[in-house]
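Engineer: take this sequence and fold it.
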Amino acid sequence: MTQTEAPRSCPLVFKGREFSCSDLELIREIVSTYPTLSRQELAGTTCELLGWSRPGGGLKIIECKELLCRLEADGWIELPALAKTKPRGARTSVPRTSRGEPQEPLVGTVRDVGPAKLTRVVDESARLLWRELVGRYHYLGHKMPFGAHLRYLIEVSRPTPRVVGCLQVSSPAWKMAPRDRWIGWSDKVRQQNLQRIVNNSRFLLLPWVEVRNLASCVLALLARQLPDEWERAYATRPVLLETLVDEQRFAGTCYRAANWIRLGVTQGRGRMDRKHRRHGESPKIIYVYPLHRHARQLLVQASSKRVGPEPQQCSGKPIGAQETRTS
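Structural biologist: Numbers count the residues shown, from 1 in each chain. So this is what the prediction gives:
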């Protein structure tokens with residue numbers, strides 16, 4: 001079988017689950033779109049997008065890796081080489097160190113503490129600090145995301161350089177009716193172009209940081225930096241940012257101040273819930289930010305043309321009202 005043909009047994013039944021031809025096409029799209037991901041990350045992303053989980057909610061990573069190996073043996077996909085990983089059960093708990101202890105309040109405006117910057121988390125020291133700060137001070141805590149993601153430490157320069165928060169971007173929600181109506185794409189095009197959207201899945205300013213306009217400034221920095229860095233990491237250039245804000249906790253003021261667009265409210269399910277099994281979760285407000293002036297057209301047309309970002313700029317000049325962010 002060549003890589004352009006569907007498996008002869010499509011739909012495929014594996015480990016008690018039936019995978020339709022469209023499911024298998026999606027798996028191939030995930031593998032081809034993210035060639036730098038490990039097999040573990042590919043399996044996690046596949047489970048999230050296909051809603052393949054256990055009754056308790058855990059993803060079927062082991063079974064999915066077996067499925068990927070079978071599809072590779074059948075010539076349907078080509079997986080990356082096996083990577084060295086930590087042994088199963090290795091410690092990943094949230095550390096508690098002096099670096100994560102509360103500090104003296106930082107009060108003022110962006111002009112007072114700037115320039116602010118986003119530093120990508122790439123080494124072990126930064127990863128441990130990010131994990132500690134999010135684990136201790138973000139209301140959702142630290143959870144290791146599966147699939148594509150980038151993490152940043154938010155830093156300011158004055159009166160002395162210091163870390164003031166954390167940010168994470170990751171794979172987008174599988175389906176969200178207000179977003180999908182706004183874009184205007186079909187299910188087929190959505191499956192093809194979904195990974196050109198990136199989700200701002202964590203945003204934390206530390207509790208002792210009270211700097212006016214800092215949150216909206218950070219969002220502007222993200223819009224400027226992300227397209228190039230995401231493309232270098234995953235060979236796909238995003239054209240739209242999205243986020244979900246818990247309306248019972250936050251008003252989304254910083255997103256509106258940074259010119260994000262409010263599209264509506266979710267139905268109170270998990271963002272990867274394809275099977276309508278998780279009704280009752282807190283509804284979230286959906287915000288998006290186009291990284292290109294023709295973002296919707298590019299998403300609908302399945303364009304493969306490389307495009308550049310057109311974000312707002314971040315300076316010491318007030319952008320608008322600011323709230324402490326912990327989305």
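Engineer: which stretches of the stretch 101-250 of the chain form helices?
Structural biologist: 110-113, 124-137, 177-183, 187-193, 214-234 (DSSP state H, counting those that start in this stretch).
Engineer: could these go into a markdown table alongside distance to G264, mean pLDDT and mean neighbour count?
Structural biologist: In short, each C-beta sits where N, CA and C put it, glycine included. What follows is these, written out as a markdown table (distance: least, CB to CB, whole Å; pLDDT from 0 to 100; neighbours: other CB atoms under 10 Å):
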| stretch | distance to G264 | mean pLDDT | mean neighbour count |
| --- | --- | --- | --- |
| helix 110-113 | 30 | 95 | 20 |
| helix 124-137 | 27 | 95 | 17 |
| helix 177-183 | 3 | 96 | 17 |
| helix 187-193 | 17 | 88 | 16 |
| helix 214-234 | 20 | 95 | 21 |
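Engineer: nearest to L291, of these?
Structural biologist: Taking CB to CB, helix 214-234 is the member of these nearest to L291, at 5.5 Å.
Engineer: C254 versus the closest residue to P290 other than its chain neighbours, what's the distance?
Structural biologist: Distances taken as CB to CB, 6 or more residues apart in numbering put L240 closest to P290, at 5.7 Å, once the chain neighbours are dropped. Separation of L240 from C254 (CB to CB, to the nearest Å): 18 Å.
Engineer: among those two, which residue is more densely surrounded?
Structural biologist: C254 (28 against 23; other CB atoms under 10 Å).
Engineer: I figured that one was touching C217, is that so?
Structural biologist: No: using CB atoms under 8 Å, C254 is not in contact with C217; the gap is 9.1 Å.
Engineer: strands of the stretch 151-300 of the chain, start to end?
Structural biologist: For the stretch 151-300 of the chain, the strands defined by DSSP state E, counting those that start in this stretch occupy 162-170, 197-205, 209-212, 240-246, 261-265, 284-290.
Engineer: mind putting those into JSON lines with distance to R232 and mean pLDDT?
Structural biologist: Formatted as JSON lines, the strands of the stretch 151-300 of the chain follow (distance: least, CB to CB, whole Å; pLDDT from 0 to 100):
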{"stretch": "strand 162-170", "distance to R232": "14", "mean pLDDT": "96"}
{"stretch": "strand 197-205", "distance to R232": "13", "mean pLDDT": "96"}
{"stretch": "strand 209-212", "distance to R232": "29", "mean pLDDT": "95"}
{"stretch": "strand 240-246", "distance to R232": "17", "mean pLDDT": "95"}
{"stretch": "strand 261-265", "distance to R232": "27", "mean pLDDT": "95"}
{"stretch": "strand 284-290", "distance to R232": "20", "mean pLDDT": "96"}
